[in-house]
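Participant: predicted model and sequence follow; I will ask about them next.
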Amino acid sequence: MSLVRLNIKGISYSQTQNGAYALILSEVDGERKLPIVIGAFEAQSIAIALEKEIKPPRPLTHDLFKNFADRFDVVVKQVIIHKLVDGVFYSSIICERDKIEEIIDARTSDAIALALRFQAPIFTYKNILDQAGIYLKVNPKKDDEDSSSESLLVDELVSDDVEMVGKETSYQDLSLEELNRMLEQAVANEDYELAARIRDEISKRG
């Protein structure tokens with residue numbers, strides 16, 4: 001199976017679930033995006049790693065892991081999102097120490113937070129992107145905005161007082177046709193977290 005490299009496009013605010021965000025990954029040399037629902041803590045950690053000028057007063061958990069790994073000469077070489085089951089993404093961290101390579105299972109959000117700190121590339125398999133990737137329409141006006149918009153909601157994420165209002169949405173009673181229409185509408189509205197959840201429900205039925 002061929003690997004596809006991904007870049008981090010940004011982090012989108014959840015409009016449907018309290019305490020959740022959508023991490024938007026973009027395929028290199030392609031137009032598809034891979035939205036992954038993550039928690040607030042992981043979103044904050046990723047946002048801080050994206051914004052090089054932001055330094056927390058004390059090390060976050062992922063910073064601690066990086067410091068620990070540096071002390072014992074462990075290097076994260078790459079992260080691979082290798083499996084998608086019932087809407088849940090599974091990832092592996094490829095590490096190396098003394099020229100010996102090890103593979104460590106990890107949550108995707110944690111793996112990406114560490115990949116940023118080690119400047120390691122992020123990959124997924126083509127079949128996962130074929131299954132879960134979505135095409136997002138680009139708004140030309142947004143191309144003229146400041147490049148910092150690539151990392152969305154950083155100010156909110158690094159604040160200690162993030163307030164989020166949302167509600168759980170059930171899709172079990174909807175048909176696949178209705179879900180696909182909702183997915184198209186969510187993409188058009190740039191509600192990536194909602195799009196990810198609808199896509200995951202469609203995937204479960206596949």
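Facilitator: Structure received. Since this is a predicted model, take the numbers as computed values, not measurements. Residues are numbered from 1 along each chain as shown.
Participant: going forward, measure contacts between C-alpha atoms and count neighbours the same way
Facilitator: OK.
Participant: so where's this protein shaky on pLDDT?
Facilitator: The chain contains residues with pLDDT under 70 at 14-19, 53-54, 136-171, 190, 192-193, 206.
Participant: Ile46 contacts Ala115, correct?
Facilitator: No: in this structure Ile46 lies outside contact range of Ala115 using C-alpha atoms under 8 Å: 9.6 Å.
Participant: the more surrounded of these two?
Facilitator: Shown here are Ile46 and Ala115; by other C-alpha atoms under 10 Å, Ile46 has more neighbours (27 against 23).
Participant: for the residue of the chain positioned farthest from its centre, give me phi and psi.
Facilitator: Going by C-alpha atoms, centre = their mean, the residue of the chain most distant from its centre is Asp98, 30.3 Å out. Torsion angles at Asp98 (phi, psi; degrees, to the nearest 10) stand at phi 50, psi 40.
Participant: surely Val76 is in contact with Cys95?
Facilitator: Yes: using C-alpha under 8 Å, Val76 is in contact with Cys95, at 4.4 Å.
Participant: who has more neighbours, the two?
Facilitator: Set Val76 next to Cys95 and count neighbours by other C-alpha under 10 Å: Val76 wins out with 26 against 18.
Participant: okay, and the more buried one sits in which element?
Facilitator: Val76 is part of strand 75-85, with elements assigned from DSSP states H and E.
Participant: what packs against the helix or strand that comes right after that strand?
Facilitator: Next helix or strand after strand 75-85 toward the C-terminus (DSSP H and E): strand 88-97. Here strand 88-97 touches strand 75-85, strand 100-107, helix 108-118, going by 3 or more C-alpha pairs under 8 Å, 6 or more residues apart in numbering; DSSP states H and E.
Participant: which one of those lies nearest to Lys66?
Facilitator: Nearest to Lys66, of all the helices and strands packed on strand 88-97, is helix 108-118, at 7.0 Å by C-alpha to C-alpha.
Participant: listing partners with orientation, what would you give for the helix or strand immediately after that closest one in the chain?
Facilitator: Counting by DSSP H and E, the next helix or strand C-terminal to helix 108-118 is strand 122-125. Using DSSP bridges, the strands paired with strand 122-125 in its sheet are strand 3-13 (antiparallel), strand 75-85 (parallel).
Participant: which residues does the last one contact?
Facilitator: Looking back up the chat, that one is strand 75-85. 69, 89-97, 108, 111-112, 114-115, 118, 120-125, 128, 204 (C-alpha atoms under 8 Å, 6 or more residues apart in numbering).
Participant: and it with strand 100-107, angle?
Facilitator: Angle of strand 75-85 versus strand 100-107, following axes from the mean of the first three to the mean of the last three C-alpha atoms, to 10 degrees, is 40 degrees.
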